[in-house]
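Asker: give me the fold of what follows.
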Amino acid sequence: MVSSHPTQASEEGSPPPPFRGGDAPACAKGDKVTTSRKGLSLIAAILAFSNLAACICGIKLPSRDGRIAFISDRDGNAEIYTMKSDGTSVVRLTDDPAIDTQPSWSPDGRKIAFCSDRDGDFEIYVMHGDGSGVVKLSDNGATDGHPVWSPDGKRIAFHSDQDGDFEIYVTNTDGTGAINLTNNRALDLYPAWHPDGKRIAFRSNRDGDWEIYVMNTDGSGQVNLTNNPAVDWFPAWSPDGKKMAFTSDWGGNPEIYVMNADGTGLRRLTEDPAVDVAPIWSPGGRRLAFMSHRDLNFEIYVVNADGTGATNLTDNPALDAYPTWSR
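Answerer: Here you go, the predicted structure:
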């Protein structure tokens with residue numbers, strides 16, 4: 001567990017109110033942003049619910065970056081898009097008046113799981129990588145969100161309040177066999193599957209503040225990795241499983257941090273007075289994508305694994321959020 005401070009100095013100051021202990025980052029109503037009012041309320045809604053880990057056992061890590069899926073309201077409504085890892089070749093995949101959010105690539109890059117309220121409440125859906133063949137996976141009248149594939153592509157983890165409070169569930173990819181893994185009266189959210197397929201990281205407030213935990217895929221062995229007074233969320237394993245990126249307001253502002261898989265070796269990756277959240281690793285582990293409000297509206301950025309070279313990929317006045325990287 002983490003017992004030392006980050007190696008880089010943290011910025012002092014108080015982050016926007018929606019980040020102080022709340023479950024989901026969102027722009028404050030009075031913020032000076034170029035995102036539309038609808039977009040601001042949208043980010044609050046969708047973040048109340050990035051992530052894919054590829055199986056590397058016996059497999060050489062890819063030398064090239066795949067495509068990035070993300071959500072955007074650039075066409076007036078929250079839809080799922082894809083783009084190349086340099087921000088070019090943007091393609092819209094969904095076209096529905098509902099909110100489509102939190103995309104997650106399957107390990108083979110052929111399918112995308114996502115959550116949508118197109119049937120009245122947020123449920124898990126799966127579609128082909130080109131946006132065709134949309135299938136509803138969950139149908140329980142509860143709020144289901146943040147789907148992530150197992151490294152072998154046979155199961156999907158997600159969070160749901162179907163038992164009264166948010167828990168981490170796993171289900172088969174046909175929607176059968178849903179099992180509550182955490183079974184705790186606290187809130188458990190944002191699952192992230194380890195590349196070896198044996199562990200799942202998640203966020204929980206069971207110890208009084210928001211921490212990153214890890215457990216076995218049967219729900220046993222739940223351990224607090226971060227163990228600090230900050231607000232920690234959005235865990236994301238590196239492709240080799242040796243590191244974990246996550247968001248924390250350790251220094252009073254939400255930034256991207258990286259630590260070893262056992263919670264040691266904490267270091268700060270981004271350092272900007274704006275909000276940086278929802279990291280996801282590139283397939284080769286050389287870069288991370290994340291969403292940031294540093295240009296006064298949420299955009300998708302990429303940064304090198306050492307924290308250098310932060311680049312805005314989307315660069316438009318719309319809301320762009322929840323990046324996920326395919327192989």
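Asker: need the phi and psi values for Glu79.
Answerer: Per-residue torsions, Glu79: phi -130, psi 170 (degrees, to the nearest 10).
Asker: try Asn216
Answerer: Backbone dihedrals for Asn216, given as degrees, to the nearest 10, come out at phi -70, psi 160.
Asker: over to Asn183?
Answerer: Reported as degrees, to the nearest 10, the phi and psi values for Asn183 are phi 50, psi 60.
Asker: what's near enough to touch it?
Answerer: Residues in contact with Asn183 (Cβ atoms under 8 Å, 6 or more residues apart in numbering) are 167, 219. All C-beta atoms are positioned from the backbone trio N, CA, C, and that covers glycine.
Asker: which pLDDT does the model give it?
Answerer: We note a pLDDT of 95 for Asn183 in this prediction.
Asker: how long is stretch 247-256 from one end to the other?
Answerer: Counting by Cα to Cα, to the nearest Å, the length from the leading to the trailing residue of stretch 247-256 is 5 Å.
Asker: and what of stretch 93-103?
Answerer: The distance separating the two terminal residues of stretch 93-103, taken as Cα to Cα, comes to 11 Å.
Asker: who touches it?
Answerer: When contacts are taken as Cβ under 8 Å, 6+ apart, the neighbours of stretch 93-103 outside the stretch itself are 42, 45-46, 49-50, 69-71, 77-82, 112-119, 122, 125, 127, 130-131, 134, 145-147, 321-322, 324.
Asker: strands - which of those residues land there?
Answerer: Secondary structure assignment (DSSP state E) places 69-71, 79-82, 112-116, 125, 127, 145-147, 321-322, 324 from those within strands.
Asker: count the neighbours of Asn228 for me.
Answerer: As a burial measure, the neighbour count of Asn228 was computed by other Cβ atoms under 10 Å and equals 21.
Asker: wait, isn't it in contact with Gly208?
Answerer: No: Asn228 sits out of contact with Gly208 when judged by Cβ atoms under 8 Å, with a separation of 11.8 Å.
Asker: can I get the buried part of the contacts of stretch 93-103 as one ChimeraX selection?
Answerer: Only the buried members of these enter the following ChimeraX selection, criterion being 16 or more other Cβ atoms under 10 Å:
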select :42,45,46,49,50,69,70,71,77,78,79,80,81,82,112,113,114,115,116,117,118,122,125,127,131,134,145,146,147,321,322,324
